[in-house]
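1. task: produce atomic coordinates for the following.
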Amino acid sequence: MTGPLQLPPGAFQREDETPDAEFYRVPRLVTHLDDLATAAVTQLYREYFSPGGALLDLMSSWISHLPPEVAYARVAGLGLNAVELAANPRLTEWVVHDLNANPRLPYHTAAFDGAAICASIDYLIQPLAVLRELGRVLRPGAPLVITFSNRCFPTKVIAVWRHLDDDGHVALVAQWLRDSGAFGDLVFLDRSPHGGGDPLYAVIGRALTPG
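-> Got it, this is the predicted structure:
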């Protein structure tokens, strides 16, 4: 068994180190994935999130990737811009919260049946702390679906992400999940649509029972 991933100094630095709350103060009602990649995310959610459950959409925005035909009991959104979150039609509740300033999640332990991070994991400067919090708020066995492509806000993405290719991104996210100690049963998927467009990759883990 290998030990925790050792990254070089500066791995979590960004070109723009101004507070994220300032960067995201202005709503960005833009799409971060093309239509085919977005559809691939939605299909993953169909496969992993049970109807009627309570879901956490972490680092959420104005677009919901949840399947429109499926009803959920609760969809909590956590993001950085109130206008974007208020515009998301699937959220039953939302909160503005900067995970890079405070990785503690404002939710009860074992509150959710599933969680999603879409096209955002590369902005976290404390990913292990956030993943441990996700392990706390998820019920044991609940899935965490992390999806990402090759698009980002380049000045806000962490340095190590910029220096890795797609396979490296998958390996990095998987190692974070392992190092967090909060997730097991990892699955790695390439759901890139055929015919071009944005690639789409997923790393999925199941919340472990707290030891």
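
2. count of residues packed around H194?
-> 6 (other C-beta atoms under 10 Å). Quick note: C-beta positions are derived from backbone N, CA and C, even for glycine.

3. check the one 5 residues further on too.
-> For P199, the tally of surrounding residues (other C-beta under 10 Å) stands at 17.

4. show me where pLDDT drops low in the protein?
-> Within the chain, the stretches with pLDDT under 70 are 1-6, 8-9, 26-31, 151, 153, 211.

5. show me what the residue positioned nearest the centre of the chain is bridged to.
-> The centre of the chain sits closest to I117, judged by C-alpha atoms, centre = their mean, with a distance of 1.6 Å. Legend: beta-bridge partners of I117 under DSSP bridges are L58, I146.

6. so what's it up against?
-> L58, M59, L144, V145, I146, T147 (C-beta atoms under 8 Å, 6 or more residues apart in numbering).

7. and with 7 Å instead?
-> L58, M59, I146 (C-beta atoms under 7 Å, 6 or more residues apart in numbering).

8. those into TSV, with extra columns for distance to S180 and neighbour count?
-> Shown next, in TSV, are those (distance: C-beta to C-beta, whole Å; neighbours: other C-beta atoms under 10 Å):
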residue	distance to S180	neighbour count
L58	14	26
M59	16	19
I146	12	25
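
9. and which of those is nearest L177?
-> Distance to L177, by C-beta to C-beta, is smallest for I146 among the contacts of I117, at 7.9 Å.

10. my guess is that closest one meets I121, correct?
-> Yes: using C-beta atoms under 7 Å, I146 makes contact with I121 at a distance of 5.4 Å.

11. list residues touching both of these two?
-> Listed as contacting both I146 and I121 by C-beta under 7 Å, 6+ apart are V173.

12. which parts of stretch 148-165 are buried?
-> For stretch 148-165, a neighbour-count test (16 or more other C-beta atoms under 10 Å) marks F148, S149, R151, C152, K156, V157, I158, V160, W161 as buried.

13. kindly report the same for stretch 174-192.
-> Neighbour-count burial for stretch 174-192 flags A174, Q175, W176, L177, R178, D179, S180, A182, F183, L189, R191, S192 (criterion: 16+ other C-beta under 10 Å).

14. what about it, distance to the chain center?
-> For stretch 174-192, the separation from the chain centroid amounts to 12 Å (computed by C-alpha atoms, centre = their mean, to the nearest Å).
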